[in-house]
Every structure is written in C-alpha cells, then in structure tokens.
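Undergrad: pasting the structure only:
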Ligand SMILES: C[S@@+](CC[C@H](N)C(=O)[O-])C[C@H]1O[C@@H](n2cnc3c(N)ncnc32)[C@H](O)[C@@H]1O
C-alpha cells in the first residue's frame, strides 16, 4: 500500500476527526496497540470512516456482515458495536500474525461471540461461504479488487450494501500512467462497477475513497 497522500485541504482531516465522536475506549486501545506494533497503522480505516460506517450500520441493522481485510480488528470491532444482538461478522485475513492480534482483542471484548476471524486468502475463504450477507466491507488485496466484484455481489442480500474502501487509492485513480498493481486494480474495479447496469453506487471522498454499492 503506498504512503497515504493528502486528498483534502491541509487540516481538514484533523478538523473532521476533532468534530467526530471519539472512538470507544476499546477501539482507542486497539488503535494504540496497532500504532505500537505495526509499521502500517494507516491501514486501519480510522475514526471518521469507522464512525461513518457505524451510522450506516446503525440505520441498516444488518444481521450478517462480511469483511475482507481484518488487519488487527479495528473495523470489525467498530462495526460490532452497533449491530443488532443476533448479528454475526465473518472477517477474513491473510496474515496469521495480524489475525492473532485481532483474535486477542476480539476475545477480550464484549463482542467476542459476534466476530469470527478466518485466515487464508480471502478469495478462497469467500468461495466456501454460504447464504447471503447484508453488509460487506472490502478492504484488502486492492490489486485484485476486480476479482472480488462478482463473488461479492453474489453474496450480497437483496437489500445488502457492499462498501469498497481505498477506491481513490491516494489520488492515483486520476493518473492513468500509474501502473502500480494497486492503482490499476482500483481503476479497473471502479470502471467495472460503473459499467454494471444492475448496480447502483456512489463513490465518496471519505478518507481514501469509499464506494457504496447495492443491487439495483
Ligand atoms: C487495509 S488492511 C484492513 C484494515 C482493517 N479493515 C481495519 O480497518 O482495521 C488490509 C488487510 O488485508 C490483508 N490482506 C491482504 N491481502 C489479503 C487477501 N488476499 N486475503 C485476506 N486478507 C488479505 C492484509 O494482511 C491486511 O491486514
């Protein structure tokens, strides 16, 4: 993942963070531990996007949630905080070390029965899933985002929402000459979604770009 670049006016991200309700104590602790233990803490969706997704989930009340890209568990735990009592999250992570950190924090939280971490390449993991999901967060493996579109749309319930993160890829979506795998994967994914007449979507310039997609 390239180093994040500033997509908004200087100071705007700090201002929006300051005027967004603070994370819960559990999430603050996990974010602090992630800052200490990882050289890529910017991979967490961060407090503003997390709170935005919480608003969406609070209104939508999904029962079955799927996440591609657990990292240390920040987004999964954040989503769990606003789900209805009988909801369940399956979250997929490739890296065993990150999955262990996530499992530790999830296990110590009040949401331990709500979140299941599955390790392995997510494209293989989702092939084994059955049933449909009311909310899906795609937040990993950006070079292969296009490969996730069909399987994830198939897994989406009729009123489900697919949220694809990093869909501005630090602004490199604007640079057709940027041939890095992540930039190409994101541009191709965005074009594929736009061309699908069976999907309705909006690309929000929240943080690194958040694309919300649903069946038409
Ligand atoms: C951007 S981070 C996810 C951040 C997390 N959603 C959060 O907000 O805290 C992406 C994660 O996906 C994992 N990953 C990368 N490729 C993957 C793959 N093919 N299958 C599953 N996980 C993958 C990485 O190891 C990394 O932990």
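TA: Thanks, I have the structure now. In this text, all values refer to a predicted model and were calculated from it rather than measured experimentally.

Undergrad: from now on I want contacts and neighbour counts done on CA atoms only, so please keep to that.
TA: OK.

Undergrad: return the distance of stretch 8-17 from the chain's centre.
TA: 21 Å (C-alpha atoms, centre = their mean, to the nearest Å).

Undergrad: now that stretch: buried residues?
TA: Applying a neighbour-count criterion of 16 or more other C-alpha atoms under 10 Å, the buried positions in stretch 8-17 are 13, 17.

Undergrad: which residues touch that stretch?
TA: 47, 48, 207 (C-alpha atoms under 8 Å, 6 or more residues apart in numbering).

Undergrad: again, but for stretch 83-93
TA: Identification of contacts with stretch 83-93 by C-alpha under 8 Å, 6+ apart yields 57-58, 61-71, 76, 80, 99, 114-122, 125.

Undergrad: put together CSV for the contacts of stretch 8-17, with pLDDT and neighbour count on each row.
TA: Output for the contacts of stretch 8-17, formatted as CSV (pLDDT from 0 to 100; neighbours: other C-alpha atoms under 10 Å):
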residue, pLDDT, neighbour count
47, 97, 23
48, 97, 21
207, 92, 21
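
Undergrad: among these, which are in helices?
TA: 47, 48 (DSSP state H).

Undergrad: and the ligand, which of the contacts of stretch 83-93 contact it?
TA: Restricting these to those near the ligand by C-alpha under 6 Å from any ligand atom leaves 69, 70, 71, 120, 121, 122.

Undergrad: can you pull the buried residues of the longest strand anywhere in the chain?
TA: Ranked by residue count under DSSP state E, the longest strand found in the chain is strand 156-165. Within strand 156-165, the residues that count as buried by 16+ other C-alpha under 10 Å are 156, 157, 160, 161, 162, 163, 164, 165.

Undergrad: in those residues, find the pair that's most separated.
TA: Using C-alpha to C-alpha, those span at most 19.4 Å, a distance reached by 157 and 165.

Undergrad: re earlier: can you tell me which of the buried residues of strand 156-165 is closest to the ligand?
TA: residue 165 (8.2 Å; C-alpha to the nearest ligand atom).

Undergrad: residue 205 is in contact with the closest one, correct?
TA: No: using C-alpha atoms under 8 Å as the test, residue 165 is too far from residue 205 to be in contact (10.3 Å).

Undergrad: shaky segments in the protein?
TA: Filtered on pLDDT under 70, the chain yields the residue ranges 1-7.

Undergrad: for the ligand, what are the nearby residues on it?
TA: 43-45, 69-75, 92-95, 120-122, 139-141.

Undergrad: please enumerate the helices of this protein.
TA: 12-18, 25-37, 46-60, 74-80, 96-107, 122-127, 145-155, 181-195.

Undergrad: who's in contact with residue 121?
TA: Going by C-alpha under 8 Å, 6+ apart, residue 121 touches 92, 93, 94.

Undergrad: need the residues you listed in JSON lines (columns: neighbour count and distance to residue 216).
TA: Listed next are the contacts of residue 121 as JSON lines, based on neighbours: other C-alpha atoms under 10 Å; distance: C-alpha to C-alpha, whole Å:
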{"residue": "92", "neighbour count": "27", "distance to residue 216": "27"}
{"residue": "93", "neighbour count": "25", "distance to residue 216": "30"}
{"residue": "94", "neighbour count": "19", "distance to residue 216": "32"}
